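Student: predicted model, plus sequence, below.
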Number of protein chains: 2
Amino acid sequence: MKFYPEKLSKAQRKFLKELFPEGESGFSDGELLSCGVDASRKHAKPLALVKPHSVKQVSELLAWAQKERMPIYPRARATNKVGGCVPVKNGVVVSMLGMNSILDIDPQDFVAVVQPGVITADLQKSVEKQGLFYPPDPASLKISTIGGNISTCAGGMRAVKYGVTRDYVLGLEVVIPGGEVIHTGGRTHKNVVGLDLTRLMVGSAGSLGLITQATLKLLPLPETSASVLIGFENLPGCLKGAEAVFGCGILPTAMELMDRNTLKALKLHSDVPWPEETGGVLLLKIDGSSESVEADLRQIEKALSNEPTTFLEKGSGEDQERLWELRRVISPAAFNLAPDKQGEDVAVPRGKVAQAIESYHEIGKKLGLVVMCFGHLGDGNIHVSVMYDKSAPGQSDNALKAKKAIFSSTLALGGTLSGEHGIGLTKADYLGMQIGDTELNLMHRIKDVFDPLKIMNPGKAV
Amino acid sequence: MKFYPEKLSKAQRKFLKELFPEGESGFSDGELLSCGVDASRKHAKPLALVKPHSVKQVSELLAWAQKERMPIYPRARATNKVGGCVPVKNGVVVSMLGMNSILDIDPQDFVAVVQPGVITADLQKSVEKQGLFYPPDPASLKISTIGGNISTCAGGMRAVKYGVTRDYVLGLEVVIPGGEVIHTGGRTHKNVVGLDLTRLMVGSAGSLGLITQATLKLLPLPETSASVLIGFENLPGCLKGAEAVFGCGILPTAMELMDRNTLKALKLHSDVPWPEETGGVLLLKIDGSSESVEADLRQIEKALSNEPTTFLEKGSGEDQERLWELRRVISPAAFNLAPDKQGEDVAVPRGKVAQAIESYHEIGKKLGLVVMCFGHLGDGNIHVSVMYDKSAPGQSDNALKAKKAIFSSTLALGGTLSGEHGIGLTKADYLGMQIGDTELNLMHRIKDVFDPLKIMNPGKAV
């Protein structure tokens, strides 16, 4: 049993107040409760909240925390859906929102250097003004931060063509327990020197150290993009459509899928463009130069003309936003199916998506729940929403049963418990279903190298 | 001081002969000498050579090696340029060429599963037959293996658009010292569960374990490609040309640069298409659907029409190979400048390439040596060849002085000692110039987690 503090000693509180003066620390119930929750709706009350504005403060904090065996919970906008930000073992929540400067955007080096509290969409807008492009686009990008994105290896819709956050992190400044400031990677696009500490940090959910700066890779900004919304009679039709697109040798920027329950939820929420007989929808985006986007669009339409589609609608420029609006409102629309939602973000090998979704529907049917599936068909990453009613007898239990059954089915198909949200608290009990004892043991020992007293975000990642 | 064995005991030899019967092991001088060298031309004679055909054999070997503290040197085609395959501390060389099967190519999952001894070009041809694409293309791809590519995180010309080997490794089967077989990652394109052991293995130069199987990500095969060879009066002109291309929002598949000394070497080797006043050449490739490639080509030509080019030549389909042949013969052509070569593969931030190359030329001038630079402008990865004559007094010493000066200059520009070859033996003495003590210490302790007795490729990576 690890030791975790039940309250702050007078000396500890004094230390924190001195290191984080007026406005940089909080100890009131209100402040502590509001920084103990995240998008998972899990919550816990920490012992203190601090908000550093410099690496020096972070370094002094982590030197002290190591000495005091004080748990440290890095936090930014807390859009984490799996409880990754919840301070379950007491300790100090460290808000990184005070370190929110874009330090450098270099259009020659194709690099941006940012502090962790920068909002992803703000970075994107800033680099786009200079003809540059930062592709990772988690759904939360308008509110989530680069630091949070790195900690979870955030994905997004554009991952099909452009990859995930991992693929854009060139270098990091990280403070490790004990207060040492380390630098991993660098400013070059290619780098193979020593072991890859940079990618070890990405996705480690703040369990190894606290990221204080990131050097990110940028691309040239594609001139334009266009989107196509295509209806099919059923799920296998959607997959055949996707194959036809890939068969053209075109790698779409995004390739999203909506299953029949998603279509039902959307129809209850707003006007939808597809005809009644539609049982599945694909939403594609392609990007490039104007001429090449037009050419690719023609080729995609041609390839799809041989498939049993129920409708097809195109959009380009601003006009495509109305198509994407349908994708964006899925989450709120879901509550038209039931008042409560349990969401997972499993991924399966790309060719197994239809089979996986059918198995999730089946699981729901057996348990008397509606299971709604949508997400990133292009990389097999499916958001599975189990819709239920807490107030109906047995439904909460059944939702939990569905969760485990969904995980079993996913793993049986060669899938993974998480494509982009991570394990956090909500899946911690299921980690052993996927990762073997030997591999888990290696992960724990790697964590020990950085954090021998297990003060960094304890209870998460490994 | 670590213990390393001077010779095999009778029992050790007996064990190896039993585990690796006829044809799978070698102990003769000829066999041992030929497996102790790599493309760095460094060499050392190991105590034994074995050639496993199954994971079981590898597992038994690593259980035994751990018990005996016997150094293990994974090896495939030994195209490594930095001595990564050389058995400097005695021990057993393990040739992975017996495990060379492509186990699965799945056009629905966009995944290939291969053993480490598969030749990269063979995999590429096999997947292309099914309309699929494995982008990493180190110059050695016709002879080097996937296992070697993963161990070094091999890059290549297409890295500008498609990234490096790291970006295509989804999962690994690895045998670690002690003989345990671990599985990292999986078959899904997205995966964030636990710490990222997969990317920790990529580029670790066989220092953590022995890779016995890899699951690789595939893309749809682009329909076609085209290339453009463009001459400029000087190096800054080349960089302005590159900026003009990126400015179109086009991300070329490849963007290679040749400096004036490279042009000189090529002219002494074969017919060259550029006029006399050319001081630098760019070679671009773009890919996509036929129509979009044509459109992008027009746009690139238009953008370059405002730049001071000395000539421009295009090629598409098979016809572009004559342009790439010029790139391919650079290495042999170099010896027209001097009989001996010392090659580095530094990388600098993309915008610093001209400055870096000018500084390398200056270093050569001061030391009376010709420094020839070419390589991957698109990602700032420059191959620097210091040409010298061993038989001329002082030139070997000066080449070594040039090496250190090139590293200093590279690091001063925010660069790295290696973009894609790794550190190996030839740069081991310089590792501390780039990586700090704290970071090196972390790397050593991570190695300890996998390999506490330091038997895996000792003296390399960290």
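Tutor: Yes, it's here.

Student: quick one: end-to-end length of stretch A:75-90, please.
Tutor: Length of stretch A:75-90, first residue to last, CA to CA, to the nearest Å: 14 Å.

Student: check contacts around residue A:277.
Tutor: Contact analysis of residue A:277 by CB atoms under 8 Å, 6 or more residues apart in numbering or on different chains lists A:233, A:310. The way it works is simple: take the backbone N, C-alpha and C, and place the C-beta from them, glycine included.

Student: helix, strand or coil for it?
Tutor: Three-state call for residue A:277 (DSSP: H, G, I helix; E, B strand; the rest coil): coil.

Student: give me the phi and psi angles of it.
Tutor: phi -80, psi 0 (degrees, to the nearest 10).

Student: state the distance from the residue sitting nearest the centre point of chain A to residue B:73.
Tutor: Among the residues of chain A, the one closest to the centroid is residue A:154, at 3.7 Å (CA atoms, centre = their mean). Computed as CB to CB, to the nearest Å, the residue A:154 to residue B:73 distance reads 39 Å.

Student: for the stretch 1-150 of chain A, which segments count as helices?
Tutor: Secondary structure of the stretch 1-150 of chain A by DSSP state H, counting those that start in this stretch: the helices cover A:10-19, A:29-34, A:55-68, A:120-128, A:146-152.

Student: now tabulate those helices in TSV and tack on mean pLDDT and distance to residue A:48.
Tutor: Converted to TSV, the helices of the stretch 1-150 of chain A look like this (pLDDT from 0 to 100; distance: least, CB to CB, whole Å):
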stretch	mean pLDDT	distance to residue A:48
helix A:10-19	98	5
helix A:29-34	96	7
helix A:55-68	98	10
helix A:120-128	98	27
helix A:146-152	98	20
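
Student: can you give me the end-to-end span of stretch A:215-226?
Tutor: Stretch A:215-226 end-to-end distance (CA to CA) = 30 Å.

Student: which of the residues in that stretch are buried?
Tutor: Buried residues in stretch A:215-226, counting neighbours by 16 or more other CB atoms under 10 Å in any protein chain shown, are found at A:215, A:216, A:217, A:218, A:219, A:220, A:221, A:222, A:223, A:224, A:225, A:226.

Student: so which of those also contact chain B?
Tutor: Filtering these for neighbours of chain B using CB under 8 Å from any CB of the partner chain leaves A:219, A:220, A:221, A:222, A:223.

Student: as JSON lines, the helices of the stretch 1-150 of chain A with mean neighbour count and distance to chain B would be great.
Tutor: Putting the helices of the stretch 1-150 of chain A into JSON lines (neighbours: other CB atoms under 10 Å in any protein chain shown; distance: least, CB to the nearest CB, whole Å) gives the following:
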{"stretch": "helix A:10-19", "mean neighbour count": "14", "distance to chain B": "22"}
{"stretch": "helix A:29-34", "mean neighbour count": "13", "distance to chain B": "27"}
{"stretch": "helix A:55-68", "mean neighbour count": "19", "distance to chain B": "12"}
{"stretch": "helix A:120-128", "mean neighbour count": "18", "distance to chain B": "11"}
{"stretch": "helix A:146-152", "mean neighbour count": "30", "distance to chain B": "6"}
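
Student: looking at those, which is nearest to residue A:290?
Tutor: Of all the helices of the stretch 1-150 of chain A, it is helix A:120-128 that lies closest to residue A:290, at 16.7 Å by CB to CB.

Student: can you give me the strands for the stretch 51-200 of chain A?
Tutor: A:72-75, A:92-95, A:102-106, A:111-114, A:132-133, A:169-175, A:181-185 (DSSP state E, counting those that start in this stretch).

Student: do you know how far whichever residue of the stretch 301-450 of chain A sits closest to chain B is from residue A:243?
Tutor: When distances are taken as CB to the nearest CB, the stretch 301-450 of chain A reaches nearest to chain B at residue A:351, 2.6 Å away. Distance, residue A:351 to residue A:243, by CB to CB: 9 Å.

Student: what residues do the two have in common as contacts?
Tutor: Both residue A:351 and residue A:243 are contacted by residue B:108, under the criterion CB under 8 Å, 6+ apart.

Student: more neighbours, these two?
Tutor: Under the neighbour definition other CB atoms under 10 Å in any protein chain shown, residue A:351 and residue A:243 were set side by side, and residue A:351 has more, 20 against 17.

Student: can you report phi and psi for that one?
Tutor: Per-residue torsions, residue A:351: phi -70, psi -10 (degrees, to the nearest 10).

Student: rounded mean pLDDT for stretch A:299-308, please.
Tutor: Averaged across stretch A:299-308, pLDDT comes to 93.

Student: now check it, is it near chain B?
Tutor: Yes: counting by CB under 8 Å from any CB, chain B has neighbours in stretch A:299-308: residue A:299.

Student: which residues touch that stretch?
Tutor: Residues contacting stretch A:299-308 (CB under 8 Å, 6+ apart): A:228, A:230, A:232-233, A:237, A:240-241, A:244-245, A:247-248, A:250, A:284, A:286, A:312, A:314, B:289, B:291.

Student: show me what counts as buried in it.
Tutor: Neighbour counts over stretch A:299-308 (16+ other CB under 10 Å) mark A:299, A:300, A:303, A:304, A:307 as buried.

Student: same thing with stretch A:422-438?
Tutor: So, applying 16+ other CB under 10 Å, buried residues of stretch A:422-438: A:422, A:423, A:424, A:425, A:426, A:427, A:428, A:430, A:431, A:434, A:435.

Student: is it true that the fourth one touches residue A:461?
Tutor: This points to residue A:425. No: the pair residue A:425 / residue A:461 is not scored as a contact, 10.7 Å apart, by CB atoms under 8 Å.

Student: quick one, what contacts residue A:424?
Tutor: Going by CB under 8 Å, 6+ apart, residue A:424 touches A:40, A:80, A:81, A:82, A:83, A:84, A:86, A:205, A:460.

Student: now for the strand or helix carrying residue A:397, which elements pack on it?
Tutor: Secondary structure from DSSP states H and E places residue A:397 in helix A:395-412. For helix A:395-412, the helices and strands in contact under the criterion 3 or more CB pairs under 8 Å, 6 or more residues apart in numbering or on different chains; DSSP states H and E are strand A:340-344, helix A:353-367, strand A:381-388, helix A:431-434.
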